[in-house]
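**Student:** 3D model of this:
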Amino acid sequence: MTIDQEDTRIELIHADDEAKYVLRDAREILAIVRNLLGARALVSARLAPGNESVLSTLVAVAEDGTSLLLDGSADPLQNQRMERADALDCVTQLDKVRIQFLLRGQRLVEDGGSPGFRAPLPEALLRLQRREFYRLQTPISEGVSCTLALPRVDGSRREAELRILDISGGGVAIAVPPVGVHFEPGTEFPDSLLRLPDTAPISARLVVRNLFRITRRGGAEVLRAGCEFADLPRGAEDAIQRYILRAERTRNARERGRL
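**Tutor:** Numbering: from 1, shown residues only. Just a heads-up that it's a prediction; the model follows:
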């Protein structure tokens with residue numbers, strides 16, 4: 001089993017429906033943790049702050065449901081670093097759904113002669129289903145982009161061309177620049193132009209639905225704005241689907257060529 005995107009940290013900044021992604025009810029969190037335990041799911045635990053990651057598993061959940069036990073390392077020095085970390089940023093998968101949570105207050109303990117880390121049940125748990133988050137990732141080489149018409153103070157407009165990170169029939173995820181464009185759930189960008197290879201520019205109204213911060217290994221960050229299509233012209237959805245199918249065929253052929 002592999003953990004998809006285990007080298008990334010994903011943080012929900014804003015969403016029009018936070019409960020869709022983040023669980024805060026202790027009973028619901030406990031149920032998922034127990035399911036992870038039953039599935040013997042691998043856990044990638046990043047030592048925060050920092051970029052060191054350790055591959056581990058859940059060993060047990062306390063009978064009262066207030067704490068869990070994470071498997072330790074055979075390396076005593078690594079266990080010391082894990083115990084001293086401010087938190088263990090854990091990523092795993094359950095039924096192809098990415099699960100992410102922070103463990104704080106971890107203590108090194110002995111469990112049947114093996115080292116482990118006892119920690120309180122996480123206060124929050126992030127869930128990201130593939131169909132909602134990991135859509136078709138657009139190749140950087142193709143330069144798939146979206147041009148937004150942004151209002152100026154004097155009433156005129158300026159154009160901003162932003163990179164599209166991934167795309168589906170229902171919307172796109174845009175890489176938000178550090179300055180110059182304001183994104184939050186509910187923000188609308190009318191008169192936007194979607195630019196796909198070998199396709200005429202597609203006009204659309206984009207509605208921001210969520211905003212995530214993605215931190216990659218090495219510390220590089222990108223803000224990802226999930227936007228929904230609105231008011232697509234006739235034929236636009238078919239053109240988008242054709243691009244997705246063509247890109248998926250190319251990617252599959254490339255992957256088969258590496259086997």
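
**Student:** ok, and the closest non-adjacent residue to residue 194?
**Tutor:** Once flanking residues are discounted, residue 194 sits nearest to residue 202: 4.2 Å by C-beta to C-beta, 6 or more residues apart in numbering. In short, each C-beta sits where N, CA and C put it, glycine included.

**Student:** same check, this time on residue 109
**Tutor:** Excluding its sequence neighbours, the residue lying closest to residue 109 (C-beta to C-beta, 6+ apart) is residue 118, at 5.0 Å.

**Student:** quick one: secondary structure of that neighbour?
**Tutor:** Recorded secondary structure, residue 118: strand (DSSP: H, G, I helix; E, B strand; the rest coil).

**Student:** mind checking how far it is from residue 67?
**Tutor:** Residue 118 is 6 Å from residue 67, where distance means C-beta to C-beta, to the nearest Å.

**Student:** do the same with residue 124
**Tutor:** In terms of C-beta to C-beta, residue 124 sits 16 Å off from residue 67.

**Student:** among those two, which residue is more densely surrounded?
**Tutor:** The neighbour count for residue 124 versus residue 67, taken as other C-beta atoms under 10 Å, is higher for residue 67 (17 against 13).

**Student:** shouldn't that one be in contact with residue 122?
**Tutor:** No: counting by C-beta atoms under 8 Å, residue 122 is not a contact partner of residue 67; they are 10.3 Å apart.

**Student:** may I see the buried residues of the lengthiest helix in the chain?
**Tutor:** The longest helix of the chain (DSSP state H) is helix 236-258. Going by neighbour count (16 or more other C-beta atoms under 10 Å), the buried part of helix 236-258 is 236, 239, 240, 243, 244, 247.

**Student:** ok, stretch 103-116 next?
**Tutor:** Residues 103, 106, 115, 116 are the ones in stretch 103-116 that count as buried (16+ other C-beta under 10 Å).
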